[in-house]
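Student: Could you work out the structure for the sequence below:
(4 chains)
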Protein chains: 2
Amino acid sequence: MGTPTTRSATLDDVARAAGVSRATASRVLGGYGFASPDARDRVAAAADRLGYVPNTAARALVRGGGVRLVVAVVGRDDSLFDDPYVDRVVSAAARVCAPHGFGVTLEWLSRRALSELRRLGDDRSVAGMLLVNTTQEALDAVPASMRGRVASIGIGSPAVPSFDVDNAGGAEAVLRHLHAGGHRRIAMITGPRWLTCAERSVTAYRSLMRAAGLPVRVVRGDFTAARGGRAALEVLDRWPDTDAIYAASDATALGAIAALRGRGVQVPHDVAVAGFDDIPYAAVSSPPLTTATHPVARIATAAATAVLHERRAEPVTFFPSTLVARESA
Amino acid sequence: MGTPTTRSATLDDVARAAGVSRATASRVLGGYGFASPDARDRVAAAADRLGYVPNTAARALVRGGGVRLVVAVVGRDDSLFDDPYVDRVVSAAARVCAPHGFGVTLEWLSRRALSELRRLGDDRSVAGMLLVNTTQEALDAVPASMRGRVASIGIGSPAVPSFDVDNAGGAEAVLRHLHAGGHRRIAMITGPRWLTCAERSVTAYRSLMRAAGLPVRVVRGDFTAARGGRAALEVLDRWPDTDAIYAASDATALGAIAALRGRGVQVPHDVAVAGFDDIPYAAVSSPPLTTATHPVARIATAAATAVLHERRAEPVTFFPSTLVARESA
DNA sequence: CGCACACCTGAGAGCGCTATCAGCACAAGA
DNA sequence: TCTTGTGCTGATAGCGCTCTCAGGTGTGCG
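Tutor: Numbering: from 1, shown residues only, chains lettered A, B, ... in the order given. From the prediction side, this is the model:
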């Protein structure tokens, strides 16, 4: 007596039970081609009764469509590794893929590993790719055969359909809030320079400040809390009269607040601090963090859906970011 | 002129290029059976030259091994939905699966959807399952044919190899730290009752407190910050002389600190608060959170590896949790 | 020399599915 | 009557791979 090995019925089983050929069963279940109402009913009933589940592998093999979606993070440095942001993207993609029987795979690639990206693009089991926080050269490394099954997140390249948060809009919302609160000497701690999405925030900051006739004070960060802390201190050292800091990420903002507190600077009393992302802990930080939303799950869901359906999407789709005013600013 | 459709070479291409049969090439590349050193070299060289990538779908089809790993979260309620914890598990699993060409799929199941779990267990494209924070009845719903390819995280059932953090050890480390800090009236905010891992913490708390002749003060939480805040207030109301709170998760602890601050209670001056998990933001909270580590990525990696290799694992594998003493306690 | 016993190889049979294509029955038009 | 459709169906040829099995070659031993 070996293992019972129930497993699901095959298409053959369904066809036999319904008294039709495998081809007809496939046609009914696949929803293409002709089939009489009678056959349709019998096949559907048999499939239901036997608990038929199509075999993704077999289907992918004959269709040549692949079996998994690759989420590739191509960082210029390692600062973004183990970022909760990426975890959320993967998780959302894994949820989108589930009903299709597709799986998701995560590849952390360094800049030197672009050949890896090429290999992945040629892999017949890869149904599509989601490029996260990648660079232009990484985009170029994707083989032509994969074109049309790729989307990017966090980089607004026209080469590939992109999905991202409206950083500029979010920045504007936060800065207007700061301005309305009476702050005028507002410094910004940015994200990494090579990230398009990060650069959109700074660009918006610069033009908004200039338009308002206010001083532009920029210190570079990398989205991490540690760097955010150091950057905040640098802001204070260079421009002691700064009365507000706009951080390009909540992690950065939280790090900045901690560093400020270490210097005896009260937030928001002495310096207001606002972030960007609205991570779960922003609401319970001390003080609760003023920030702007970043609908990561929705963005990733849209990107994954576009890839799976090979949908000819807009070059760039921006998701709105709205202000969440709390106590830190 | 259609699409260039480079795609990767097939095993046939490699075999032909190496001047051997498909079977020999398969043997060399698969690393099983006999092959002369000469054939081995030629095949390896050809595969390398042609950039051969095995087709996961085809392999899974013939081996019947499936093509994806299902991460199933079966919650008794929705409180754990969208939990960063689950995102980390999925992400870690997706990384483990990548080199195997397997994908990961995420299923959020309510308690009523156990039939879904059964369906998944019969799906031939499912290589294995990772049950997260599940219940005993969910474990029982997994078909026998899937046995041996299932692991669980967050529930210590002997029915299935389990991987989890050593909650008891972590609790002890935190409580000893609190005790050493002079705290004697220590209350605990727990996790959901139906979660085995959460219950392990309370059990440890109870026995440790009793052994030390200290009062046992337990308020139920659900791992969320919001509930943590309410629970902290309840602690204060019921036992006003409480001088320390041990929260079963960092989110709970952060919520508790925020609620306490709202009442004008200083942490750690009036009441010390310690958490569990050591999430990224614990280090930059105000005050920085004293907690114990929860190596989620390592746990998930081990679990996914065990499932993929169908390794006969120990019934329960506990990963150590170590104290991270910061300022909140 | 015959025989066993390594060691190695290739033919071939599928895994479960899709998609093409020929064929069948029947109705309508020439 | 013979065509020409129209609506439906079932063989059948693979997709790329694994793995069994029947062989083939060479070495050692009786």
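Student: Please tell me I have it right and A:P54 contacts A:V14.
Tutor: No - checked against C-beta atoms under 8 Å, the pair A:P54 and A:V14 is beyond contact range at 9.9 Å. In short, each C-beta sits where N, CA and C put it, glycine included.
Student: The two: who's more crowded?
Tutor: Neighbour count, other C-beta atoms under 10 Å in any protein chain shown: between A:P54 and A:V14, A:V14 has more, with 28 against 19.
Student: Tell me if the one helix or strand the more buried one maps to is near chain B.
Tutor: If you go by DSSP states H and E, A:V14 is part of helix A:11-18. No - judged by C-beta under 8 Å from any C-beta of the partner chain, helix A:11-18 makes no contact with chain B; its nearest approach is 11.1 Å.
Student: Which other helices and strands does that helix contact?
Tutor: Helix A:11-18 sits against helix A:22-30, helix A:37-50, with contacts defined as 3 or more C-beta pairs under 8 Å, 6 or more residues apart in numbering or on different chains; DSSP states H and E.
Student: From the rest of the structure, what touches the shortest one?
Tutor: Applying C-beta atoms under 8 Å, 6 or more residues apart in numbering or on different chains, the external contacts of helix A:22-30 come out as A:11-12, A:14-15, A:18, A:33-35, A:39-40, A:43-44, A:46-47, A:52, A:54.
Student: near DNA strand D, from the residues you listed?
Tutor: A:G33, A:F34, A:A35, A:A39 (C-beta under 7 Å from any atom of the strand).
Student: which of those tops the neighbour count?
Tutor: Among these, A:A35 has the most neighbours (other C-beta under 10 Å), with 21 neighbours.
Student: ok and the residue in the stretch 201-329 of chain A nearest DNA strand C?
Tutor: A:E310 (13.5 Å; C-beta to the nearest atom of the strand).
Student: can you list the domains in chain A?
Tutor: A:11-54, A:68-164+A:297-318, A:167-295 (automatic domain parsing).
Student: Could you tell me the end-to-end distance of the first one?
Tutor: I take that to be domain A:11-54. Start-to-end span of domain A:11-54 (C-alpha to C-alpha, to the nearest Å) is 7 Å.
Student: and that domain with DNA strand C, contact?
Tutor: Yes - judged by C-beta under 7 Å from any atom of the strand, domain A:11-54 and DNA strand C are in contact via A:L11, A:D12, A:R22, A:A23, A:S26, A:R27, A:L29, A:G30, A:Y32, A:G33, A:Y52, A:P54.
Student: Look up how far A:A258 lies from the residue of the stretch 201-329 of chain A closest to DNA strand C.
Tutor: A:E310 sits 46 Å away from A:A258, taking C-beta to C-beta, to the nearest Å as the criterion.
Student: Name the residue in these two with the higher neighbour count.
Tutor: Taking neighbours as other C-beta under 10 Å, A:E310 and A:A258 compare with A:A258 leading, 24 against 13.
Student: Please point out which parts of the helix or strand encompassing the more buried one sit buried.
Tutor: Per DSSP H and E, A:A258 falls inside helix A:250-262. Across helix A:250-262, burial judged by 16 or more other C-beta atoms under 10 Å in any protein chain shown covers A:D250, A:A251, A:T252, A:A253, A:L254, A:G255, A:A256, A:I257, A:A258, A:A259, A:L260, A:R261.
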